[in-house]
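Student: what would the 3D arrangement of this be:
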Amino acid sequence: MPTLALIATGGTIAGVAASATDTTGYTAGALGADALLAAVPQLAEVAQIRAEQLFKLDSKDMEPGHWLALGRRVQALLDDDAIDGIVITHGTDTLEETAAFLQLTLAGTKPVVLTAAMRPATALSADGPMNLYNAACVAAHPDSAGRGTLVSFGEAIFPALGLRKCQTHRLDAFAGTSAGAIGRHDPVRYFAPAADAPARTFAAPADAAALPRVDVLYVGAGTPPDLVDLVVANGARGIVLALPGNGSLPAGWETPIARTVAAGIPVVCASRAVLGAVNRKTLDDRPGTVAAGELPASQARVALMLALAGGDATALDRLLADGYIP
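Tutor: Residues are numbered from 1 along each chain as shown. Model (predicted):
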């Protein structure tokens, strides 16, 4: 039987409400890792579990310092011969950023699986126990090795990169890339063999202060382009644009974006659409900008922060060009 490490960080999966019928008014992260395990005795049939509590956060309060602390702990467990895989419980609100950070910084082939819940543990129809059970099954499955950081949620298994939360209340809250999920549960089955992936893309810095400020600007109809100069003046070292459609840039934004790129501040073009890629061809008339590919703006921000922290803003462009992110 494999040995899995469970790292609890809080979130709705550990949430508590005053009423069992209340699925929105609750305190996230109230329960500890032991309570999560006690709710799913069937885990004993899947693996030996070593549980620990790293944070007790509502994931809206997750910050880069938390990413770094979690990354260090996960890497230590990956390097431990006694551990066969890792399950991380997390809140849904910022799970996509944490998943991207881990995918881009961890080294190793053991499964790392994040899971979460849309309803608190006290709800009549809590989804957390089954999600935790499924995540442990994914982490214990031999076919999960070498696939990088995974997200097990609902009935689906997603790769970390390209993930985005697309529902505010429904239990099927996440979507992956345009290709969709890469596997399913009951039993665990993947739709394709594991593809070769780099062991580590970026080295995580030693502390959060080394992760530079990157701002996301949501561009709607008539959004003023002076926002670009405003965030730069306030210390942004990189910008991610959440643009309409396939990365369409309004005409009024062309000059400030060109000026920003010329000043050495990288600009990544993502889409505000729920699914779909921003491809390089769209940016042929925007020299110096980077297409986010299938990354949502939230994950493009994480990748750009890491690239800048490593002193090479072009690393993200090369990563995309290599096809690692479709």
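Student: contacts and neighbour counts: CA atoms only from here.
Tutor: Will do.
Student: quick one: classify the nearest residue to T9 once chain neighbours are set aside as helix, strand or coil.
Tutor: Leaving aside its sequence neighbours, T9 sits nearest to F55 (C-alpha to C-alpha, 6 or more residues apart in numbering; 4.2 Å). Assigned state for F55: strand (three-state reduction, DSSP: H, G, I helix; E, B strand; the rest coil).
Student: so F55 touches A8, yeah?
Tutor: Yes: under the criterion of C-alpha atoms under 8 Å, F55 makes contact with A8 at 6.7 Å.
Student: so for those two, which sits in the more crowded spot?
Tutor: Between F55 and A8, counting by other C-alpha atoms under 10 Å, A8 is the more crowded of the two (26 against 19).
Student: need the contact list for that one.
Tutor: Each residue near A8 by C-alpha atoms under 8 Å, 6 or more residues apart in numbering is listed here: 32-33, 51-56, 88-90.
Student: list only buried entries from these.
Tutor: Among the contacts of A8, those that count as buried by neighbour count (16 or more other C-alpha atoms under 10 Å) are 32-33, 51, 53-56, 88-90.
Student: between the residues you listed, which sits nearest R164?
Tutor: H90 (14.2 Å; C-alpha to C-alpha).
Student: contacts only, for the closest one.
Tutor: Contacts here follow C-alpha under 8 Å, 6+ apart; on that basis H90 touches 8-13, 59, 114-116.
Student: cool, and D22?
Tutor: By C-alpha under 8 Å, 6+ apart, D22 lies in contact with A123.
Student: and the residue lying closest to E294 once chain neighbours are set aside, how far from C269?
Tutor: Closest residue to E294 apart from its sequence neighbours, by C-alpha to C-alpha, 6+ apart: A277 at 4.4 Å. For A277, the distance to C269 equals 10 Å [C-alpha to C-alpha, to the nearest Å].
Student: joint contacts of these two?
Tutor: In terms of C-alpha under 8 Å, 6+ apart, A277 and C269 are both contacted by the residues A292.
Student: how about low-confidence regions in the chain?
Tutor: Residues of the chain that meet the criterion pLDDT under 70 lie in 196-200, 282, 284-285, 287, 320-326.
Student: run a quick neighbour tally on the residue lying closest to R189 once chain neighbours are set aside.
Tutor: What sits nearest to R189 in space, not counting adjacent residues and going by C-alpha to C-alpha, 6+ apart, is G183, at 5.5 Å. G183: 19 surrounding residues under other C-alpha under 10 Å.
Student: list the contacts of G183.
Tutor: Applying C-alpha under 8 Å, 6+ apart, the residues contacting G183 are 156-158, 189-191.
Student: and if we set it to 10 Å?
Tutor: The contact partners of G183, by C-alpha atoms under 10 Å, 6 or more residues apart in numbering, come to 138, 144, 152, 155-159, 189-192.
Student: filter those residues down to the ones in strands?
Tutor: Members of the contacts of G183 lying in strands (criterion: DSSP state E): 152, 156-159, 189-190.
Student: got the domain ranges for the chain?
Tutor: Using automatic domain parsing, the domain parsing of the chain gives 3-190, 212-321.
Student: would you reformat those as JSON lines and include distance to A204?
Tutor: JSON lines is the format used below for the domains of the chain (distance: least, C-alpha to C-alpha, whole Å):
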{"stretch": "domain 3-190", "distance to A204": "6"}
{"stretch": "domain 212-321", "distance to A204": "7"}
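Student: which one of those domains lies nearest to A203?
Tutor: The closest of those to A203 is domain 3-190. By C-alpha to C-alpha, the value is 5.6 Å.
Student: end-to-end on that closest one?
Tutor: End-to-end distance for domain 3-190: 22 Å, by C-alpha to C-alpha.
Student: what number of residues lie near the residue nearest to D226 when sequence neighbours are not counted?
Tutor: Computed as C-alpha to C-alpha, 6+ apart, the closest residue to D226 that is not its neighbour in sequence is P256, at 7.7 Å. For P256, the number of neighbouring residues by other C-alpha under 10 Å comes to 15.
Student: do G235 as well
Tutor: Other residues near G235 come to 12 when the count uses other C-alpha under 10 Å.
Student: which residue packs closest to it, ignoring adjacent ones?
Tutor: Nearest non-adjacent residue to G235, counting by C-alpha to C-alpha, 6+ apart: R213, 6.9 Å away.
Student: quick one, what contacts the one you found?
Tutor: Contacts of R213 were listed using C-alpha under 10 Å, 6+ apart, and they are 231-232, 234-239, 301, 304-305, 308-309.
Student: ok but R73 is inside a helix, no?
Tutor: Yes: assigned with three-state DSSP, R73 falls within a helix.
Student: what about the residue most central in space within the chain, helix or strand, and which?
Tutor: For the chain, the residue nearest the mean C-alpha position is E96 (2.4 Å; C-alpha atoms, centre = their mean). Following DSSP states H and E, one finds E96 within helix 95-105.
Student: next: L230.
Tutor: L230 belongs to helix 226-233 when elements are defined using DSSP H and E.
Student: which parts of that helix are buried?
Tutor: Result for helix 226-233 [16+ other C-alpha under 10 Å]: buried residues 228, 231-232.
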